[in-house]
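[1] this one's sequence-less:
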């Protein structure tokens, strides 16, 4: 007598890259049809989370539109190895885009606001070198020819000397980022402590002024750069674990930046192509033990039709922010009957661990206001980082509900015009973490998001969700495993599996790579293992 194939029902909460990756893996064929996964993907917005903030701009005279990804989804070779492998497997087209950068100081006075470029970096993984900012390249017309030539020679000489200093700082930074060279105790050291520890103290450094140059380099260049990468304010960059910054520097050395050719919408379409049960515009209010079977879970949510309940889930995958998962876990723990005390305690442990992850607000504004760029057009680059000096007073004219505190670094991306975009139309810019509001009437869209920011506490908490043996920070495999809190005891008994994935659930700066790897581990080392599934092929 032939038995009916067993079906395992899985709810995935969140449709960012982590949720989409998990859904994609679970709907791929396995060696046999027992069990099959009945995957339900829940998203509170009307579109998939990975693409929910993106906007479409009409192209006059064309049938297609200009899709602008929000936030910018660039990625870099070396740091995003599994993301790149996944994209290749899916057939997603991506191309190198080695961004150039400007670093500019925002200041205010009675005469108004000024954005003055201090550093120009021409990209190409360092091969483009640096350029002289316009403030050093201004010839004074009231001077005679001889004085102008002397002034030009003087400023050029200063710039060359400064460039040599920066080059030596960069080479020293690369040396200090090599894993075998790093200081003892680097795993628990903050960036601020590392800067202090690595401050040059030798006689030669003091005599040449290199000690002061290193201090300037680590604060005026590195802090704004990582403030933009992490979308976090200055103080949180100073308190950030430095090991992850050094990993980022080491792993991206000599690699290209990439962007997806057809945008995030193409990635989303490929990942959900095999997912049958998609529930958009479903705001989940609680998850609870199934009243008919406490070994299963029910998902309670609201949509345009009112309250809805989806029952019978064997597994729940939280592919959402840590702080959003906590109240849902709380509702689940509260719903468990008294005799399920061990499961309740497991869920409560997950909650306490998730509460240790920190999130900060971030804003992404698409607009056509060129005043959020350096004042001199000669200083404009692909990515324009704008910051204030510590303690600088920014007048109230620059403060609005659509701005963040001046301790953030504002990053304005000059979006490349698509083919066919009329020349008479203004350029479009994307500003992340604005500390100055675009002018009224120039704003195209405003997206308010939250971003995980790594701390020493959350770095320690991560070990409960992810662990690795013999981790190597150069290309090569390492033995990865789920932490003891993953599954909420599912690997030890037959209860529902509660799994956690997302950018924060993987070592390093919380970025797209963490979404992909954590989702893969949850599926392969969690659901597959607990259900006895043998994958037909490697994931990608």
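    Happy to help now that I have it. Because the structure is predicted, anything quoted here is derived from the model rather than measured. Numbers count the residues shown, from 1 in each chain.
[2] which residue packs closest to residue 428, ignoring adjacent ones?
    residue 415 (4.8 Å; Cβ to Cβ, 6 or more residues apart in numbering). Using the backbone N, CA and C atoms, a C-beta is placed for each residue, glycine as well.
[3] In this protein, which helix is the longest?
    Longest helix in the chain by number of residues (criterion: DSSP state H): helix 145-177.
[4] Remind me what it packs against, helices and strands.
    Counting by 3 or more Cβ pairs under 8 Å, 6 or more residues apart in numbering; DSSP states H and E, the packing neighbours recorded for helix 145-177 are helix 210-216, helix 242-251.
[5] okay, these in CSV with mean neighbour count next?
    Formatted as CSV, the helices and strands packed on helix 145-177 follow (neighbours: other Cβ atoms under 10 Å):
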stretch, mean neighbour count
helix 210-216, 17
helix 242-251, 22
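[6] Let me know which of these is the nearest to residue 121.
    Closest of those to residue 121 is helix 242-251, at 14.4 Å (criterion: Cβ to Cβ).
[7] which other residues reach the closest one?
    78-79, 173-174, 176-179, 182, 186-187, 189-191, 193-194, 222, 226, 229, 454, 459, 473-474, 507-509 (Cβ atoms under 8 Å, 6 or more residues apart in numbering).
[8] swap in stretch 221-238?
    Contacts of stretch 221-238 (Cβ under 8 Å, 6+ apart): 103, 119, 166, 173, 190-192, 240, 245, 248, 360, 362, 383, 385, 387, 390, 404-405, 407-409, 411, 432-433, 451, 453-455, 509.
[9] Which members of those are classed as buried?
    The neighbour-count criterion (16 or more other Cβ atoms under 10 Å) marks 103, 119, 166, 173, 190-192, 240, 245, 248, 360, 362, 383, 385, 387, 404, 407-409, 411, 432-433, 451, 453-455, 509 among the contacts of stretch 221-238 as buried.
[10] Just these: which are in helices?
    Going by DSSP H, the helices hold 166, 173, 191, 192, 245, 248 from those.
[11] got the contact list for the nearest residue to residue 101 once chain neighbours are set aside?
    Excluding its sequence neighbours, the residue lying closest to residue 101 (Cβ to Cβ, 6+ apart) is residue 121, at 4.4 Å. Residue 121 makes contact with 100, 101, 102, 103, 128, 130, 381, according to Cβ under 8 Å, 6+ apart.
[12] Contacts only, for the fourth one.
    So that's residue 103. Neighbours of residue 103 in contact, by Cβ under 8 Å, 6+ apart: 117, 118, 119, 120, 121, 220, 221, 224, 225, 385, 387.
[13] at 7 Å instead, please
    Contact analysis of residue 103 by Cβ atoms under 7 Å, 6 or more residues apart in numbering lists 118, 119, 221, 224, 385.
[14] Next one, pLDDT for it please.
    If you check residue 103, the pLDDT there is 96.
[15] With the first one instead?
    The predicted local confidence for residue 100 comes out at a pLDDT of 94.
[16] Could you measure from it over to residue 131?
    9 Å (Cβ to Cβ, to the nearest Å).
[17] Which residues are in contact with each of those two?
    residue 122.
[18] more neighbours, the two?
    Of the pair residue 100 and residue 131, residue 131 is the one with more neighbours under other Cβ atoms under 10 Å, namely 20 against 17.
[19] Verify the stated contact: that one with residue 118.
    No: applying Cβ atoms under 7 Å as the test, residue 131 and residue 118 come out as separate, 11.8 Å apart.
[20] if I read this right, residue 359 contacts residue 452, doesn't it?
    Yes: under the criterion of Cβ under 7 Å, residue 359 makes contact with residue 452 at 5.7 Å.
[21] okay, and for the stretch 51-200 of the chain, where does confidence drop off?
    125-126, 138-144 (pLDDT under 70).
[22] run the last query once more with 80
    Along the stretch 51-200 of the chain, the model assigns pLDDT under 80 to residues 61, 110-111, 123-128, 137-149, 151.
[23] The stretch 251-400 of the chain now?
    By pLDDT under 80, the weakly predicted segments of the stretch 251-400 of the chain are 390-400.
[24] can you give me the helices in it?
    Listed in chain order, the helices of the stretch 251-400 of the chain (DSSP state H, counting those that start in this stretch) span 263-271, 322-335, 341-354.
[25] Export those helices as JSON lines, with columns for distance to residue 484 and mean neighbour count.
    Listed next are the helices of the stretch 251-400 of the chain as JSON lines, based on distance: least, Cβ to Cβ, whole Å; neighbours: other Cβ atoms under 10 Å:
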{"stretch": "helix 263-271", "distance to residue 484": "29", "mean neighbour count": "20"}
{"stretch": "helix 322-335", "distance to residue 484": "16", "mean neighbour count": "19"}
{"stretch": "helix 341-354", "distance to residue 484": "9", "mean neighbour count": "19"}
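[26] Would you mind putting the ones you listed into TSV with distance to residue 374 alongside?
    Below are these laid out as TSV (distance: least, Cβ to Cβ, whole Å):
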stretch	distance to residue 374
helix 263-271	28
helix 322-335	36
helix 341-354	41
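[27] For residue 13, which of these is the nearest?
    Evaluated over those, closeness to residue 13 peaks at helix 322-335, with 7.2 Å, by Cβ to Cβ.
[28] between the closest one and helix 341-354, how big is the angle?
    Computed by axes from the mean of the first three to the mean of the last three Cα atoms, to 10 degrees, the angle separating helix 322-335 from helix 341-354 equals 160 degrees.
[29] Please work out which residues outside helix 322-335 touch it.
    284, 286-289, 297, 318, 344, 347-348, 350-351, 354-355, 357, 359, 452, 500, 504.
[30] and it, how far out from the chain's middle?
    Centre-to-centre, helix 322-335 and its host chain are 24 Å apart (Cα atoms, centre = their mean, to the nearest Å).
[31] Same question for stretch 26-44.
    Offset of stretch 26-44 from its chain centre (Cα atoms, centre = their mean): 27 Å.
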